[in-house]
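Engineer: how would this look folded up:
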Amino acid sequence: MSESIRDVSQAEFQHEVLESDVPVIVDFWAPWCGPCRMVGPELEKLSGKIGDAAKFVKINVDENRDIAMQYGVMSIPTIAKFESGTLVAHVIGARGADALGREFGLV
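Structural biologist: Numbers count the residues shown, from 1 in each chain. Predicted structure coming up:
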């Protein structure tokens, strides 16, 4: 994982996601999930394209079940966009960088 995408824990979620000044793209994933491994490089590409306009984080659903349950994550990968502490959009399943950028209004 690059420096542009951080793995965050439940303890960091409030500060890193809900209190962020910029939109946050959250990748809900697990290490055993094949499609999740396909999404990682695509998020890297998207992060590189948009720079500091948004923050990118990963939430391991096995280690952070409470957060996943709080936001209704039933299938992974689920990629969500938070703005001003509110979940504003999400997609379920693997997508390419360009598709994710369009779906979240980032490109």
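Engineer: tell me where this protein has strands.
Structural biologist: Assigned by DSSP state E, the chain shows strands spanning 5-7, 24-29, 55-60, 78-83, 86-92.
Engineer: what's near enough to touch the spatially most central residue of the chain?
Structural biologist: The chain has V26 as the residue nearest its centroid, 1.7 Å off, counting by CA atoms, centre = their mean. By CB atoms under 8 Å, 6 or more residues apart in numbering, the contact set of V26 is 17, 57-59, 79-82. (Each C-beta comes from the backbone N, C-alpha and C, glycine too.)
Engineer: how about P35?
Structural biologist: Per CB under 8 Å, 6+ apart, neighbours of P35: 76-77, 93-94.
Engineer: can you select the buried ones from those residues in ChimeraX?
Structural biologist: Selection of buried members from these for ChimeraX, criterion 16 or more other CB atoms under 10 Å:
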select :76,77,94
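Engineer: of the contacts of P35, closest to R6?
Structural biologist: Of all the contacts of P35, R6 sits closest to P77, with 16.6 Å by CB to CB.
Engineer: the closest one contacts W29, doesn't it?
Structural biologist: Yes: between P77 and W29 there is a contact under CB atoms under 8 Å: 5.4 Å.
Engineer: returning to that earlier point: out of the strands of the chain, deepest packed?
Structural biologist: Among the strands of the chain, ranked by average contacts under mean count of other CB atoms under 10 Å, first place goes to strand 24-29 (a mean of 24).
Engineer: so how far is that one from its chain's centroid?
Structural biologist: 1 Å (CA atoms, centre = their mean, to the nearest Å).
Engineer: next, the angle strand 86-92 makes with it.
Structural biologist: Orientation check (axes from the mean of the first three to the mean of the last three CA atoms, to 10 degrees): strand 24-29 against strand 86-92 gives 40 degrees.
Engineer: perfect, that will be all.
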